[in-house]
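Engineer: after the sequence you'll find the predicted model.
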Amino acid sequence: MRRFIFFILFLLSVSIFFADTSGILSTAEIAQLVDMLDSAGLTSNSLKFEKDWDLSTKYKLNWQLNQLQNPWLALEDIQHIKELCDSSESGELEQLLRELGGIAFNLNPYQFTTLYPSAKSVYNSQLKKEVQKPEDIFKWLDAHLKNFKEEFNQVTRDVNRNRLMEFQSYWLWQFIEAEDTLTYKSYFAQKNLPEYSKLNIEKLEKEFSRLHFDLLLQSGIKFLALSDALAEHCNTLKFNNKSPIIKRTDSGYMIIGTKADDVYKDKKLSPICFLLDPAGNDRYEIELKTSLENPFYIFIDLQGNDLYRNLDIASMFCSEYGFGYSLDLSGDDIYQTGDFSFASFTGINLHQDKSGDDFYQSGLFSQGAAMFGLAAIIDFEGNDSYKATCMAQGFGSTYGAGAILDFSGADVYYLGGKYFHEPLMPLDYLTLGQGMGFGLRPDMSGGLGLLFDSKGNDKYLGGVYAQGSGYWYATGLLIDISGNDVYNTVYYPQGSGIHLACGFLLDESGDDAYYSRNGPGQGAGHDWALGIFIDSSGNDAYSIPGGNGLGLTNSVGIFIDKCGDDRYERQYPQNYGYANYSRSTGGIGLFLDAGGTDTYPDTLKANNSSWYSGTYGIGRDIELNRTTKTEIEKLSEEAPLPKETDKIEEIFAAASEWEVGSAVKRVQKGREILVQRADEAIPFIISNKINTQSSLEYRALETLAAKSPKFIQELYKVIDKEDSLAAKNALSLIAETGDTLLLDYVERLLNQKKYETTCISVLGAINSEKSVNLLKNYIHHPSERFRYLAARSLKQIKHPSAREALMLMKDDTSFLVQALLRNLPPEIN
């Protein structure tokens, strides 16, 4: 009794202590983790051991350090980011921008809560009064952009221009790969940027702190309000201009396109601070970027299947010192951009694509990549394809938050194709993306890299470092809400924190497949790090050598699969809850499968058991979450059932669907009604469906034949009809009932050499000595086809004489016959 009371008090304490994390893990699941720790002589506080061991690293994020030091808080943060991304599907991005900025810049995001609505209200009022026609935009916007330039100058007010240029050189050079060195030296010379080799790196890295990131975020939120208000107002304007309207202002060029298919390729129209195109399948080959001189642009395309193509470095959708906000409202669009696109440095870059099946192709540091700033692609609809080389698709470096949010569609995320990761994996690609936080070891910490995908059966293809990975005081996070997804990588993947970093992956539903050729990953930490992997539902498959709850070199690795019949494929000593002894102490690796009938490669790991490995690795499989219905079973219940009053052809159509997955109950109901209404169904079938070639329709006929003697009577009448397909179907359907009256018909047809293959086949369903005698006429036939069919039918017949007839074929030279004879069940042998 005392032990029972203690257990109840334990559950209550866990429930209270971890109440805030119940969104991502239930109280019972957290209690299991605590109990697993307790079983190894540890406590819930054991996860919170000291992991901040490089005290010289600069620009650490409080958000990341809290996770690293206290993994329980990481669960809260994952849940909060999921909710934040979910709320952005409405198209309101102010909170997303505000909170990502709070994370990246170590700010309290709530101090800016009223800024966006109050600013947007003012802009809306002004637009309504001052902008009645498209041309009115120029004057109104130019006045505001002048104010924004003054505001942005305050961000950099404590740093002189030469130092800002050095900052820019530092940023670009940190992320290029060796094979691009000559290209970038040429680019630096072209842009009059100082050579990286001549920079005082130590001094420079300290002076980034002189930038005013609070003012950057504050001004960026107001600029979003301006951009949103303008985009919404543009939808109310009428565009009748036959040629583009172009105006040069102090802020840059302002352009309003036409409803035709416009081509923008005159690079003399630079810099562009505003471009609005109302319709048409347009082509953009211009620069769309910010700079110290022109720190903003607003781009709006209202309609059309558009092509965006500029492969130059940092030339399209790039915010280096400034704000670049772009919006494509509709169309199947193609984005072909170079290095440093959809990217930011000391700025904010936001791109929204509202609908269409889109294709994004970029170079390195792209597709939601940021350092000392924010960058995000938000794609709302369509089956989209994202392709980049490296450091992309949600990449956050120092004081940066880079993200992709995709809310709908079967999407493909591919990284690689250019840079090999020598010497570790000289034949595989370095990718560093798909939710990757990346610090500059050992001097500067990283930021947040986020990839969020809401719906669709998605594919994530990466190389070395991908899919929710963090490196050097950074956090990488991948969240996928639904769909049967495929994850494929090479090294350090899928919820792995490496070198004082955090890596998280959350997949909420779907039958998913996770593969990596190498670990550590799938909930793994290495070198004072934290990795968390959570799959909430579905029948999943896991393959990785070294992972699934792995704490390497004084780290914490947590793997949780909440439910589903899962398959764990690798037999590897560092899998399924393992930690090693290092630096004269240990780590913690937790593996929890909380429901389902699972398959393990190691007999030491099994359903409804616990195990221990290393120092301190703890694994447990328990029926905590019972899955009463699969997602497919739920869909089956939701599928509309045929009604008894439906037309007979509609009933037959439902009965003839594929009886799998979500259609099972619908098909079963259709066949049930078909039998009940046999008097109507039989004439319909004889007239319209008896000669079907569809295997699905044939299955519906089988159901009726098995339960309707009247249908069998009508089928006998079909045997002698001229329609050979109808006759063959009739023979097969009758035979499946085992009716011996059919033998006379079969004998007559065989004597006529008519439908021989069908007749030989159907004899196997009728257990009669006469069936055997008819088949014996074919056991030595010159045709291998006939001999094999005869042997197969004899094998099916239960009459004793059938076995004797089969043995007469023991010397048959046909492989098909020999394989059949050699694999007879023992009782037949």
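Structural biologist: Arrived safely.

Engineer: quick check: domain ranges of the protein?
Structural biologist: For the chain, the structural domains run 159-210, 629-708, 738-829, going by automatic domain parsing.

Engineer: average pLDDT for the first one?
Structural biologist: In this model, domain 159-210 has an average pLDDT of 97.

Engineer: which among the domains of the chain is found nearest to Asp52?
Structural biologist: Using CB to CB as the measure, domain 159-210 is the one of the domains of the chain that comes nearest Asp52, at 18.9 Å. In short, each C-beta sits where N, CA and C put it, glycine included.

Engineer: re the thing from before, out of the domains of the chain, name the one with the poorest average pLDDT.
Structural biologist: Sorting these by mean pLDDT places domain 629-708 lowest, at a mean of 92.

Engineer: who touches Asn162 in this structure?
Structural biologist: Asn162 makes contacts with Pro194, as judged by CB atoms under 8 Å, 6 or more residues apart in numbering.

Engineer: which secondary structure state does it sit in?
Structural biologist: helix (DSSP: H, G, I helix; E, B strand; the rest coil).

Engineer: okay, now Ala678: neighbour count?
Structural biologist: In terms of burial, Ala678 registers 15 neighbours under the definition other CB atoms under 10 Å.

Engineer: then Ala225?
Structural biologist: Around Ala225 there are 21 residues (other CB under 10 Å).

Engineer: dump the domains of the chain to TSV, plus distance to Ile334.
Structural biologist: Supplementary listing: the domains of the chain in TSV, determined by distance: least, CB to CB, whole Å:
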stretch	distance to Ile334
domain 159-210	24
domain 629-708	34
domain 738-829	53
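
Engineer: what packs against the longest strand seen in the chain?
Structural biologist: Secondary structure of the chain per DSSP state E: the longest strand is strand 316-328. Where contact means 3 or more CB pairs under 8 Å, 6 or more residues apart in numbering; DSSP states H and E, strand 316-328 is packed against helix 136-155, helix 161-175, helix 213-234, strand 288-290, strand 296-301, strand 307-310, strand 334-337, strand 343-353.

Engineer: next secondary structure after the longest one?
Structural biologist: What that stands for is helix 213-234. Downstream of helix 213-234, the next assigned helix or strand under DSSP states H and E is strand 245-249.

Engineer: in that following strand, which residues are buried?
Structural biologist: Neighbour-count burial for strand 245-249, with 16 or more other CB atoms under 10 Å as criterion, is recorded at 245, 249.

Engineer: that strand pairs with which strands?
Structural biologist: Here the strand partners of strand 245-249, with direction, are listed using DSSP bridges: strand 252-256 (antiparallel).

Engineer: report the rounded mean pLDDT for the strand it pairs with.
Structural biologist: The predicted confidence, averaged over strand 252-256, sits at 98.

Engineer: and that strand with helix 213-234, angle?
Structural biologist: 30 degrees (axes from the mean of the first three to the mean of the last three CA atoms, to 10 degrees).

Engineer: name the residues that touch whatever helix or strand comes next after strand 252-256?
Structural biologist: Using DSSP H and E, the helix or strand that follows strand 252-256 in sequence is strand 263-264. Residues outside strand 263-264 that contact it (CB under 8 Å, 6+ apart): 255, 257, 275, 282-286.

Engineer: can you pick the most crowded of these?
Structural biologist: Gly257 (28 neighbours).

Engineer: so that one is in contact with Asn281, correct?
Structural biologist: No. Gly257 is not in contact with Asn281 according to CB atoms under 8 Å; the separation is 11.7 Å.

Engineer: strands of the stretch 651-800 of the chain, start to end?
Structural biologist: Chain-ordered strands for the stretch 651-800 of the chain, with DSSP state E, counting those that start in this stretch as the definition, do not occur.

Engineer: which residues touch the most centrally placed residue in the chain?
Structural biologist: Central residue check for the chain by CA atoms, centre = their mean: the C-alpha nearest the mean position is that of Asp458, 4.0 Å away. By CB under 8 Å, 6+ apart, the contact list for Asp458 reads 410-413, 480, 483, 485-486.

Engineer: neighbour-wise, which of those leads?
Structural biologist: Highest neighbour count within the contacts of Asp458: Tyr413, with 30 neighbours (other CB under 10 Å).

Engineer: wait, that residue touches Tyr460, no?
Structural biologist: Yes. With the criterion set as CB under 8 Å, Tyr413 and Tyr460 qualify as a contacting pair; they are 4.9 Å apart.

Engineer: minimum distance to Glu151: which of the domains of the chain has it?
Structural biologist: Here domain 159-210 is closest among the domains of the chain (CB to CB), at 15.8 Å.

Engineer: next, format the helices and strands packed on strand 316-328 as TSV and append distance to Gly670.
Structural biologist: What follows is these, written out as TSV (distance: least, CB to CB, whole Å):
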stretch	distance to Gly670
helix 136-155	59
helix 161-175	60
helix 213-234	49
strand 288-290	56
strand 296-301	48
strand 307-310	48
strand 334-337	45
strand 343-353	42
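
Engineer: the ones you listed: which one's closest to Trp72?
Structural biologist: For the helices and strands packed on strand 316-328, the distance to Trp72 is smallest for helix 213-234, at 28.3 Å, taking CB to CB.

Engineer: now the closest one: mean pLDDT?
Structural biologist: With pLDDT averaged residue by residue, helix 213-234 scores 98.

Engineer: against which helices or strands is it packed?
Structural biologist: helix 94-105, helix 115-130, helix 136-155, strand 296-301, strand 316-328, strand 343-353.

Engineer: could these go into JSON lines alongside mean pLDDT?
Structural biologist: Written out in JSON lines, the entries for the helices and strands packed on helix 213-234 read as follows (pLDDT from 0 to 100):
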{"stretch": "helix 94-105", "mean pLDDT": "99"}
{"stretch": "helix 115-130", "mean pLDDT": "98"}
{"stretch": "helix 136-155", "mean pLDDT": "97"}
{"stretch": "strand 296-301", "mean pLDDT": "99"}
{"stretch": "strand 316-328", "mean pLDDT": "99"}
{"stretch": "strand 343-353", "mean pLDDT": "99"}
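
Engineer: could the ones you listed go into TSV alongside distance to Leu821 and mean neighbour count?
Structural biologist: Below are the helices and strands packed on helix 213-234 laid out as TSV (distance: least, CB to CB, whole Å; neighbours: other CB atoms under 10 Å):
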stretch	distance to Leu821	mean neighbour count
helix 94-105	69	22
helix 115-130	80	15
helix 136-155	85	17
strand 296-301	71	25
strand 316-328	67	27
strand 343-353	64	28
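
Engineer: how close does Thr181 sit to Tyr187?
Structural biologist: Distance, Thr181 to Tyr187, using CB to CB, to the nearest Å: 11 Å.

Engineer: higher neighbour count, those two?
Structural biologist: Each of Thr181 and Tyr187 had its neighbours counted (other CB under 10 Å), and the higher figure belongs to Tyr187 (17 against 12).

Engineer: buried sites along stretch 636-653?
Structural biologist: By neighbour count on 16+ other CB under 10 Å, the buried set for stretch 636-653 is 636, 639, 641-642, 646, 648, 651-653.

Engineer: before I go, just wanted to say thanks for your time.
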